[in-house]
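Peer 1: sequence plus predicted model, see below.
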Amino acid sequence: MKKELLYRVFSHLPELLTDRLTLRKLTVADDADMYEYASRSDVTKYLTWYPHPDKAYTREYLHYLAGRYAGGMFYDWAIVYEPDSKMVGTCGFTSFNCAADSAEVGYVLNPEYWGKGIAGEALGRVMEFGFEELRLHRIEAKFIQGNERSLHVMQRAGMTFEGYLRDGMLIKGGYVTVGIASILAPEWRNRQAQDEKRLELD
């Protein structure tokens, strides 16, 4: 995969759809919805960043992202839950290894919407985009030990847990053990074929 492809795709972020979700570019108008979850310590407990201190901080961050989008250097989609017409989190790619045709994905969701399968639905659509449009060979995701809820999202999306990296990251002044899960393109395509066969039988 070439870096030129990433710029071409992500400088004009495409909108992605699922049955219940619209995945689109984040905008400054999302400040209230983002602050609602980004200000919560239970959301950021297992993330690399601290809670947003106020809505002004959230607005400034979203302004910053507008420039990152324009430069094709930000790879996250806003998750809009269509039944409520509300932006409830983000999902996208956190990094790419172009030489290996691989990428890392990540997501965050408003706790008021946990338990509805939204994170998995968004993750599945982003992985589909990665394998079909970006022609990736491997997609991986990481989680901080203790956040097994996130691992379950990954596994339901078809990822295989690979193990832990002991004290693998230095976050917020301390070392944390990081789990990693992944899915390969042949595995994803086999899973898609099985899903299609089940639909035909139904």
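Peer 2: Happy to help now that I have it.
Peer 1: how many neighbours does Asp31 have?
Peer 2: Asp31 is flanked by 22 other residues according to other C-beta atoms under 10 Å. For the C-beta atoms, the positions are set from N, CA and C on the backbone; glycine is no exception.
Peer 1: tell me the mean pLDDT for the strand or helix carrying it?
Peer 2: When secondary structure is defined using DSSP states H and E, the element that contains Asp31 is helix 31-38. For helix 31-38, the mean per-residue pLDDT is 98.
Peer 1: secondary structure class for the residue lying closest to Ala78 once chain neighbours are set aside?
Peer 2: Of all residues beyond its chain neighbours, the one nearest Ala78 is Leu26 (4.6 Å), with distances taken as C-beta to C-beta, 6 or more residues apart in numbering. At Leu26, secondary structure determined by DSSP: H, G, I helix; E, B strand; the rest coil is coil.
Peer 1: phi, psi of Leu26?
Peer 2: Per-residue torsions, Leu26: phi -70, psi 140 (degrees, to the nearest 10).
Peer 1: can you give me the strands in this structure?
Peer 2: In the chain, the segments counted as strands under DSSP state E are 16-17, 21-24, 76-81, 86-97, 102-109, 138-144, 160-171, 174-184.
Peer 1: can you list the helices and strands that the fifth one packs against?
Peer 2: Using 3 or more C-beta pairs under 8 Å, 6 or more residues apart in numbering; DSSP states H and E as the contact test, the elements touching strand 102-109 are helix 31-38, strand 76-81, strand 86-97, helix 118-132, strand 138-144.
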